[in-house]
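**Student:** coords please:
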Amino acid sequence: MTDCSTPSPATPSPATPGPAVAVIGAGAAGLAAARRLAGTCAVTVFDKARGPGGRLAHRRREGFAFDFGAPFFTARDPRFTAELARLRAAGIVTPWACRFAEIEAAAITHRRDWGDAPAHYVPIGRMSRLTAHWAEGLDIRQNCRIAALHPAPAGWTLESEAGERFGPFAFVVLALPAPQAAALLPETSMLRATAASARMQGAFSLMLGLAAPLDPGFDAALVRDGVLSWISLCAARPGHEGGPGLVAISRNSWADDHLEDDPATIRAAMLDALAACLGETLAPVHLDLHRWRYANAPAVAERPRLIDAANRLALCGDWTAQGKVEAAYLSGLETAEAVLARLAAS
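**Tutor:** Numbering: from 1, shown residues only. I've put the predicted structure just below:
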């Protein structure tokens, strides 16, 4: 992986066989697409962040460590189940045997231990370990926000916010939240309307570093009403490295109503809701807040068309199916298959 500012060829290495393909976005969907394409195409992945991961996010601060995006994932589709079997054999992911609770009206209404039916998976140590593993061997340009696509003979060139040009590419895959994809897509592509009409929801993640371990009687809890939707103890996660901490995630609908509020107001509201759920007011020694403008997507009634063969553009992401890690991975895989079929027919 390289920084966008690192001098590098404008086109992928000529030693890599096949047509040049750009993937914009290094979350689960983009990496799944890039890995499937890489055996046939010269793939370059572009991402605005310092490292791959998207919403499989991990943060270290002042001796604490927080998985503050997607808290876990499940597997139902045989294709993703097969991938998880490979990841388990490699020691990357494991089922999370946690004490799970459901909270409603600030009271625990249900308890159970997560087992193998169905298993709830997490990477060992940190959520971003999964995407770091998927990113191995790929040409990824980090810290590189793509600002525009420009037509080129039989494809596209990409322009970064810094004015750098990359390409040409025979195909471009946009593995971005729907509004960001819509902003990049040209008006000539029918995919622009697809992305513009998609619904995405926001969220806030509150991260608390604690002076001493906390045991509220559960490791993770689904909150059924109010400001919060999720609470989990950091130390309960397999392979956790860091001081005692807690992550609380807001309800999507509440976040959508408060996305532009002052961060101090958001923190106060989430801390109050957390105190009600736990039955005590916490005094964290570290406090952090992250706003996810595009955190989730409801299940779609009908899968949209994700490839514009005429314009050599494609989309992928969890928002094309449902806001889950499995949906993101399968979306990337399916889009890559469609791109490969289009290139083979050229």
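**Student:** Determine how far the longest helix anywhere in the chain lies from the middle of the whole chain.
**Tutor:** For the chain, the helix with the greatest residue count under DSSP state H is helix 325-345. Remark: helix 325-345 is offset 17 Å from the chain centroid, using C-alpha atoms, centre = their mean, to the nearest Å.
**Student:** Same check on stretch 179-198?
**Tutor:** Relative to where its chain is centred, stretch 179-198 has its mean C-alpha point 20 Å off (C-alpha atoms, centre = their mean).
**Student:** likewise stretch 159-177?
**Tutor:** Mean C-alpha position of stretch 159-177 versus that of the full chain (C-alpha atoms, centre = their mean) differs by 19 Å.
**Student:** What residues of it count as buried?
**Tutor:** Burial within stretch 159-177, assessed by neighbour count using 16 or more other C-beta atoms under 10 Å, is assigned to 160, 164, 166-177. From N, CA and C alone the C-beta is placed, and that goes for glycine too.
**Student:** Likewise for stretch 28-47?
**Tutor:** Judged by neighbour count using 16+ other C-beta under 10 Å, the buried positions of stretch 28-47 are 28-38, 40-47.
**Student:** Export stretch 283-290 to PDB, keeping only CA atoms.
**Tutor:** Backbone C-alpha positions of stretch 283-290 (Å, rounded to 0.1, in the frame of the first residue of the first chain) are rendered in PDB as follows:
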ATOM      1  CA  ALA A 283     -16.800   8.900  34.700                       C
ATOM      2  CA  PRO A 284     -14.500   8.100  31.700                       C
ATOM      3  CA  VAL A 285     -10.900   9.000  31.700                       C
ATOM      4  CA  HIS A 286     -11.000   9.100  27.900                       C
ATOM      5  CA  LEU A 287     -14.000  10.200  25.700                       C
ATOM      6  CA  ASP A 288     -14.200  10.200  22.000                       C
ATOM      7  CA  LEU A 289     -17.000  10.600  19.400                       C
ATOM      8  CA  HIS A 290     -17.200   9.700  15.800                       C
END
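**Student:** what's the nearest residue to residue 139 once chain neighbours are set aside in contact with, if anything?
**Tutor:** The shortest distance from residue 139 to any residue that is not its chain neighbour, by C-beta to C-beta, 6 or more residues apart in numbering, is 5.0 Å, and that residue is residue 44. Residue 44 makes contact with 12, 20, 21, 22, 23, 139, 140, 141, 166, 169 under the criterion C-beta atoms under 8 Å, 6 or more residues apart in numbering.
**Student:** cutoff 7 Å now
**Tutor:** Contact criterion C-beta atoms under 7 Å, 6 or more residues apart in numbering gives 12, 22, 139, 141, 166 as the residues in contact with residue 44.
**Student:** cool, and residue 122?
**Tutor:** Taking C-beta under 7 Å, 6+ apart, one finds 72, 93, 94, 96, 237, 238 in contact with residue 122.
**Student:** List just the nearest of these to residue 156.
**Tutor:** Top of the list for closeness to residue 156, among the contacts of residue 122 and by C-beta to C-beta, is residue 93 at 34.9 Å.
**Student:** Report how many residues lie close to the closest one.
**Tutor:** Other residues within reach of residue 93, judged by other C-beta atoms under 10 Å, total 25.
**Student:** in the sheet, who's paired with it?
**Tutor:** Counting by DSSP bridges, residue 93 is bridged to residue 123.
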